[in-house]
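Asker: Just need the structure, nothing else, for what follows:
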Amino acid sequence: MTRRRPLTGFEKAELAFSRKELLVADCDVSQYWRYRPVAARQTSATCNPTYAFHIGELEHWRKGRPTILRCLIPFSALVLAGCSGQQSALSPAGEESEAVYRLFVVMVIGGISIWAGVTFLLLHAARHRREAWPAEKAGALIAWGGVAFPTVVLLLLLGYAVWLMPAIRPWNPLAAKEGAIEVTGEQFWWRIRYPAVGDQPAFETANEIRLPIGRPATFSLKATDVIHSFWIPVLGGKMDMIPGRTNYLTLTPTRTGSYRAPCAEFCGASHAYMAFSVIVMEEDDYNAWRRRLINGQTSAANEGGQLLQRHGCVGCHSLRGLQIAGQTAPDLTLIGARLSIGAGALANTPENIARFIRSPSSVKPGAKMPAFNMLPEDDIEEIARYLGGLK
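Answerer: Now for the predicted structure:
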């Protein structure tokens, strides 16, 4: 008959808690849970201080568990709330973003597998044994579990990523040669130029991209001042926009809807307020929008149009239908149909348009547009109503 080894102090403390009494070394204080302060005093006075320390640690940990869980639940909900929405890479709406999402899931599974395997080996090696392991057995455990297993998993992940790369970053040389949607990043807005299609001429807009569902769209990406980064999270990966260089990116939307695309490279004081809207539409709706934007709905005889010319707005902005068209600021054609103004800074309402006209720098620090708060309030409100009605 084999003798059982004596319990350690920590194991005695665990046993005490399981029996709801305190058994430490030679101490026996019953009903510990009912007379916890008395037990603590007697333990510290008469028992081994090392064992008493273990019991205090256990008690602290057990009492803290509910608090930790209560804190983790709302924190987890807050984290999971970012897994969907109009600016989430975890809610793919394009072929390229779906490939990125699959790669992310596979990488997470691979990482968890390596972590779980290494953790299991750590716990297995730290387990108490009657005899020490032979050197050959320990070496084999390290070689297979600590070297071979992680290496194989990492090589498989690398191979899968390389195989998936053409789907993540497709190249469309034909569209790049014949015509792509030209997007130019400027502080702090986006100049967007659509190519000519058939008998429809090329045209320019700003801070909003509309795409037909199911059709690959190639973007020609440029920058005029500093480095920006073009990124539509729900459609695919990002691409830097570098002054003096043109990069190309192809994306294929697969779900209609409205999405947000931020600048992903710090570009100045209003970097956080530099975004554009992406609207994926059915083919017929997209063609109707193109025709409407090319023709415009602007009349120079309108009072708002006259005020734009009188106060010099058309010296910087362009607006199809007016005789004078500026080239240094965002195009205002059909601005009332956009989801936002100021490149995602404010919701598109006449009140916000008037606010931006009065003081652009209060909305977007570093904006190059000067303040027009010297204009009569009636003129500002009339211009805002006029621009908001251009749909």
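
Asker: how close does the residue nearest to the spatial centre of the chain sit to residue 100?
Answerer: Residue closest to the mean C-alpha point of the chain, counted by Cα atoms, centre = their mean, is residue 88 at 5.4 Å. Separation of residue 88 from residue 100 (Cβ to Cβ, to the nearest Å) stands at 12 Å. All C-beta atoms are positioned from the backbone trio N, CA, C, and that covers glycine.

Asker: Quick check: the residue nearest to the centre of the chain is in a strand.
Answerer: No - remark: residue 88 does not belong to a strand; assigned using DSSP: H, G, I helix; E, B strand; the rest coil, it is coil.

Asker: Report pLDDT for it.
Answerer: The model reports residue 88 with a pLDDT of 86.

Asker: was I right about it contacting residue 235?
Answerer: No - look at residue 88 against residue 235 with Cβ atoms under 8 Å: they stay out of range, at 11.5 Å.

Asker: what helices or strands is the strand or helix carrying residue 155 leaning on?
Answerer: Per DSSP states H and E: residue 155 is located in helix 149-168. Where contact means 3 or more Cβ pairs under 8 Å, 6 or more residues apart in numbering; DSSP states H and E, helix 149-168 is packed against helix 95-126.

Asker: May I see the buried residues of the next helix or strand after the helix it packs on?
Answerer: Secondary structure here is assigned by DSSP H and E; on that basis, the next helix or strand after helix 95-126 toward the C-terminus is helix 135-141. When burial is assessed from 16 or more other Cβ atoms under 10 Å, helix 135-141 yields no buried residues.

Asker: quick one, what contacts residue 308?
Answerer: 314, 317, 319, 322, 383, 386 (Cβ atoms under 8 Å, 6 or more residues apart in numbering).

Asker: and which of those is nearest residue 336?
Answerer: The closest of the contacts of residue 308 to residue 336 turns out to be residue 386 (Cβ to Cβ; 8.9 Å).

Asker: give the contact list for the closest one.
Answerer: The contact partners of residue 386, taken as Cβ under 8 Å, 6+ apart, are 302, 303, 304, 305, 307, 308.

Asker: Stretch 309-326: which residues count as buried?
Answerer: 311, 313, 314, 317, 318, 319, 320, 322, 325, 326.

Asker: what does stretch 374-383 give?
Answerer: Applying a neighbour-count criterion of 16+ other Cβ under 10 Å, the buried positions in stretch 374-383 are 375, 379, 380, 381, 382, 383.

Asker: Centre of the chain to it, how far?
Answerer: When C-alpha coordinates are averaged (Cα atoms, centre = their mean, to the nearest Å), stretch 374-383 and its chain have centres 39 Å apart.

Asker: Could you report the distance from the closest residue in space to residue 189 that isn't next to it in sequence to residue 149?
Answerer: The spatially closest residue to residue 189, leaving aside those adjacent along the chain, is residue 343, at 4.3 Å (Cβ to Cβ, 6 or more residues apart in numbering). When distances are taken as Cβ to Cβ, residue 343 and residue 149 turn out to be 49 Å apart.

Asker: which of these two has more neighbours?
Answerer: residue 343 (24 against 16; other Cβ atoms under 10 Å).

Asker: quick one, phi/psi of that one?
Answerer: The main-chain torsion angles of residue 343 are listed as degrees, to the nearest 10 and equal phi 60, psi 50.

Asker: returning to that earlier point: which among the buried residues of stretch 374-383 gets closest to residue 202?
Answerer: The closest of the buried residues of stretch 374-383 to residue 202 turns out to be residue 383 (Cβ to Cβ; 27.6 Å).

Asker: Could I get the contacting residues of that closest one?
Answerer: Residue 383 sits in contact with 304, 307, 308, 311, 313, 353, 354, 357, where contact means Cβ under 8 Å, 6+ apart.

Asker: Among those residues, which are located in strands?
Answerer: Secondary structure assignment by DSSP state E places none of the contacts of residue 383 in strands.

Asker: Closest one of those residues to residue 208?
Answerer: Comparing every one of the contacts of residue 383 with residue 208 (Cβ to Cβ), the shortest separation belongs to residue 353, at 15.1 Å.

Asker: Quick check: the gap between the closest residue to that closest one other than its chain neighbours and residue 168.
Answerer: Excluding its sequence neighbours, the residue lying closest to residue 353 (Cβ to Cβ, 6+ apart) is residue 384, at 4.0 Å. As judged by Cβ to Cβ, residue 384 and residue 168 stand 43 Å apart.

Asker: Those two: who's more crowded?
Answerer: Neighbours of residue 384 and residue 168, each counted by other Cβ under 10 Å, are more numerous for residue 384; the result is 22 against 17.

Asker: Look up which helix or strand the more buried one falls in, please.
Answerer: Per DSSP H and E: helix 377-388 holds residue 384.

Asker: and that helix, C-alpha only, in CSV?
Answerer: Below are the C-alpha coordinates for helix 377-388, written out as CSV (Å, rounded to 0.1, in the frame of the first residue of the first chain):
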residue,chain,number,x,y,z
GLU,A,377,-27.2,86.5,-42.2
ASP,A,378,-30.0,86.4,-44.8
ASP,A,379,-27.6,85.8,-47.6
ILE,A,380,-25.9,83.0,-45.7
GLU,A,381,-29.2,81.3,-45.0
GLU,A,382,-30.4,81.8,-48.6
ILE,A,383,-27.1,80.2,-50.0
ALA,A,384,-27.5,77.3,-47.5
ARG,A,385,-31.1,76.7,-48.6
TYR,A,386,-30.1,76.9,-52.3
LEU,A,387,-27.2,74.4,-51.9
GLY,A,388,-29.3,72.1,-49.8
